[in-house]
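Colleague: model the following, please.
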Amino acid sequence: MQTQDVRMAAIGAHVVELLLLHHTSIFQEVRDQIANAHEEFQRKQEFLQTFPAMLKQPVMTDDAAALGLVLAAYQRQVDHVDQQLQSSASNDHSTHVVFVDDDVALWQSFGFRESSIAANFTAGGQLLLQCVAYFIRTDATACQLLADRVHEYNMGEALAALALVLLNVLKLAPTPDQPVLDFTLLSMEPFWDVFGDPVFFTKLFALAVRVFDYNWSMSGRPEFGRILEETEAQMTWLLQRSPSSVEELVDDWL
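Modeller: Numbers count the residues shown, from 1 in each chain. This is a model prediction of the structure:
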């Protein structure tokens, strides 16, 4: 028995010796994985820090020019259809359709009520501009939604509020108590995987707009503050379900 113990001890010592001699090659793959994970974590931190920063970056009128073209194109389509319907209804009598040529008036016709285009993005900055651009360009009925609510609330203020709600729900908004984001804690959140999508925020914003509008339309007497709180609660609930992607989260809501 003692002989066997000695033999096993010798084998163990030899294994340790081999590990010490060849530890560089043996553990290289593990070290590479750890290094890659650390680099990815650092990149994600830098990426996520851009969102509260973009909120403070001012929007110039020229920044919104491309988005204005999309709104103008939608308006021309609507005006063309209206003109055809009016022509048919009037039995070929002459009709007159008013086209909105002024840029500010164009934006106001979609609920952005400020006296300058840039002023509509004061509260949301470049982050809001990117969100609105994504929503309008990827949702075929986005312009119709904006036009339908033109007399119900200030669209610029509403969309800026939704962007702020998202930052809070995603815990990306610094607070007086925590001015620096704690990414170690954030990485433990059930929605951490969602951050792997480079356009996760604009996708979630588009969903938040839809959730907000649904709540608004289903309320007999909608109040902006209450509808915003309901939307925040629903977005929080969806994100706490550990979605692997934004698309999965959208499917959960639908």
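Colleague: surely Ala158 touches Phe224?
Modeller: Yes: contact status for Ala158 versus Phe224: in contact at 7.1 Å, counting by Cβ atoms under 8 Å. Placement of C-beta: from N, CA and C, glycine included.
Colleague: more neighbours, those two?
Modeller: Shown here are Ala158 and Phe224; by other Cβ atoms under 10 Å, Ala158 has more neighbours (20 against 15).
Colleague: next one: the more buried one from Ala53, what distance?
Modeller: Ala158 is 23 Å from Ala53, where distance means Cβ to Cβ, to the nearest Å.
Colleague: without its sequence neighbours, what residue ends up closest to the most centrally placed residue in the chain?
Modeller: Geometric centre of the chain, nearest residue: Phe201, 1.9 Å, by Cα atoms, centre = their mean. Among residues not flanking Phe201 along the chain, Phe51 sits closest, at 6.0 Å (Cβ to Cβ, 6 or more residues apart in numbering).
Colleague: tell me the contacts of that neighbour?
Modeller: Leu127, Leu167, Leu172, Phe201 (Cβ atoms under 8 Å, 6 or more residues apart in numbering).
Colleague: let's see it at 10 Å
Modeller: Leu127, Gln130, Ala163, Leu166, Leu167, Leu170, Leu172, Ala173, Leu181, Phe200, Phe201 (Cβ atoms under 10 Å, 6 or more residues apart in numbering).
Colleague: again, but for Gln234
Modeller: Contacts of Gln234 by Cβ under 10 Å, 6+ apart are Val169, Leu207, Ala208, Val211, Phe212, Tyr214, Asn215, Trp253.
Colleague: count the residues that sit near Ala163.
Modeller: 27.
Colleague: quick check: it touching Gly125?
Modeller: Yes: at 8.9 Å, Ala163 counts as touching Gly125 under the criterion of Cβ atoms under 10 Å.
Colleague: now for those two: what residues contact both?
Modeller: Counting by Cβ under 10 Å, 6+ apart, the residues touching both Ala163 and Gly125 are Met54, Leu55.
Colleague: residue ranges with poor pLDDT in the stretch 1-150 of the chain?
Modeller: 1-16, 18-19, 22-38, 79-101 (pLDDT under 70).
Colleague: now do the helices in it.
Modeller: Secondary structure of the stretch 1-150 of the chain, counting by DSSP state H, counting those that start in this stretch: helices at 2-21, 23-26, 28-55, 65-89, 103-108, 125-138, 142-148.
Colleague: ok so, going back, from Leu249, how far off is the residue nearest to the centre of the chain?
Modeller: For Phe201, the distance to Leu249 - Cβ to Cβ - is 13 Å.
Colleague: repeat that for Phe212.
Modeller: For Phe212, the distance to Leu249 - Cβ to Cβ - is 15 Å.
Colleague: and the nearest residue to Leu186 once chain neighbours are set aside, which helix or strand is it part of?
Modeller: Excluding the flanking residues, the one nearest Leu186 by Cβ to Cβ, 6+ apart is Lys171, at 5.8 Å. Using DSSP states H and E, no element contains Lys171; it sits outside every helix and strand.
Colleague: I'd guessed Lys171 sits against Gln240; true?
Modeller: No: the criterion here is Cβ under 10 Å, and Lys171 misses it with Gln240 at 11.6 Å.
Colleague: which one's more surrounded, those two?
Modeller: Lys171 (17 against 12).
Colleague: where does that one land on pLDDT?
Modeller: For Lys171, the model assigns a pLDDT of 95.
Colleague: start the count at 10 instead of 1 going forward.
Modeller: Will do, 10 is the new start, and the previous item becomes Lys180.
Colleague: residue contacts, it?
Modeller: Lys180 touches Leu57, Gln187, Leu190, Asp191, Leu194, Leu195, Glu198, Phe200, Leu248, counting by Cβ under 10 Å, 6+ apart.
Colleague: name only those of the residues you listed that count as buried.
Modeller: Leu57, Leu190, Leu195, Phe200, Leu248 (16 or more other Cβ atoms under 10 Å).
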